[in-house]
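In: Give the three-dimensional model of this entry:
(chains A, B and C)
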Amino acid sequence: MSDTPDELPAGWPTTEAEATAVQDELRGRVVRDEPGPSPDAPLIAVGVDVAYDDEHDLVAAAAVALDSDTLEVVAEATAVGRVAFPYVPGLLAFREIPTVLAALDRLPVSPGLVVCDGYGLAHPRRFGLASHLGVLTGLPTIGVAKNPFTFRHADPGPLRGDTSPLLDGAEEVGRAVRTRSGVKPVFVSVGHRVSLDRACAFTLRLAREFRLPETTRRADALCRAALRAASADA
DNA sequence: GCGACAG
DNA sequence: ATCTTGTCGC
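Out: Numbers count the residues shown, from 1 in each chain, chains lettered A, B, ... in the order given. Just a heads-up that it's a prediction; the model follows:
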């Protein structure tokens, strides 16, 4: 009773040159002048994540919708697909997005915010996974990454809520955010239609007792389970 | 040219 | 991301 792998979108980039060209073309469609939804009012926050089985050429994606106030799960959806692109730093979106879109399509609620694993603006060409997903869906998106990527940063203060900027020269393209005192920070950047201040505020609202936002924790667990099921009968 | 490098 | 045992701690 598991999913059949979805077909790849027609015309999906095959080479790195094609992929970077797509990023350069879509980058202009990112909306950065909207503050986005208020972190103080309840909304449906959706976490998306992907797991891989390169042996069987499978990708499983999950979208988990939470009430941002209670952190209760409101809805979940998964999708299985074929690996659409190799892992290349800076081109992660081409590997993850097709299956993530399929999972989002199956989600029976409309997201007020989508939380991605990885970066948005803080990307070599200013168009990371979170920006890309935002442009393709029109939804407000943010990126919360577990590891540093392109930009240098100072270590934020030791307490939950302490932050330090990810700087590209004088421009702040993201922020290292300490979600738990004494634990290494996460790296937040804007995706689409959300300000950096609000992206950081949402991150703290969604990450209360663990380092990572509950959205990404739930999505991570669900996509792994979906992958196990798909690999088992494939 | 040599590393570094989200997931 | 994924491969992987035990281990320290709440």
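In: okay, CA-based contacts and neighbour counts for the rest of this
Out: OK.
In: Would you mind listing what in chain A touches DNA strand C?
Out: For chain A, the residues in contact with DNA strand C (CA under 7 Å from any atom of the strand) are A:Val50, A:Ala51, A:Tyr52, A:Asp53, A:Arg224.
In: Low-confidence bits of chain A, can you list those?
Out: Scanning chain A with the threshold set as pLDDT under 70 gives A:1-3.
In: repeat that for 80
Out: A:1-11, A:233-234 (pLDDT under 80).
In: so where do the helices sit in it?
Out: For chain A, the helices defined by DSSP state H cover A:16-26, A:93-106, A:129-137, A:196-206, A:214-232.
In: now the residue of chain A found nearest DNA strand C, nearest residue through space, not along the chain?
Out: Closest approach between chain A and DNA strand C, counting by CA to the nearest atom of the strand: A:Ala51, at 3.7 Å. The shortest distance from A:Ala51 to any non-neighbouring residue, by CA to CA, 6 or more residues apart in numbering, is to A:Ala60 (5.4 Å).
In: burial of the one you found, as a residue count?
Out: 31 (other CA atoms under 10 Å).
In: With only the CA atoms kept, save stretch A:92-112 in PDB.
Out: Provided in PDB are the C-alpha atoms of stretch A:92-112 (Å, rounded to 0.1, in the frame of the first residue of the first chain):
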ATOM      1  CA  LEU A  92      20.100  21.400  -3.600                       C
ATOM      2  CA  ALA A  93      16.700  22.600  -4.700                       C
ATOM      3  CA  PHE A  94      16.900  20.600  -7.900                       C
ATOM      4  CA  ARG A  95      17.300  17.400  -5.900                       C
ATOM      5  CA  GLU A  96      14.600  18.000  -3.400                       C
ATOM      6  CA  ILE A  97      11.900  20.200  -4.800                       C
ATOM      7  CA  PRO A  98      10.000  17.900  -7.200                       C
ATOM      8  CA  THR A  99       9.100  15.500  -4.500                       C
ATOM      9  CA  VAL A 100       8.500  18.200  -1.900                       C
ATOM     10  CA  LEU A 101       6.000  19.800  -4.300                       C
ATOM     11  CA  ALA A 102       4.200  16.500  -4.700                       C
ATOM     12  CA  ALA A 103       3.900  16.100  -0.900                       C
ATOM     13  CA  LEU A 104       2.600  19.700  -0.600                       C
ATOM     14  CA  ASP A 105       0.000  19.000  -3.200                       C
ATOM     15  CA  ARG A 106      -1.300  16.200  -1.100                       C
ATOM     16  CA  LEU A 107      -1.600  18.300   2.000                       C
ATOM     17  CA  PRO A 108      -5.200  19.000   2.800                       C
ATOM     18  CA  VAL A 109      -4.600  22.400   4.400                       C
ATOM     19  CA  SER A 110      -3.100  25.600   3.100                       C
ATOM     20  CA  PRO A 111       0.200  26.600   4.700                       C
ATOM     21  CA  GLY A 112       0.600  30.000   6.300                       C
END
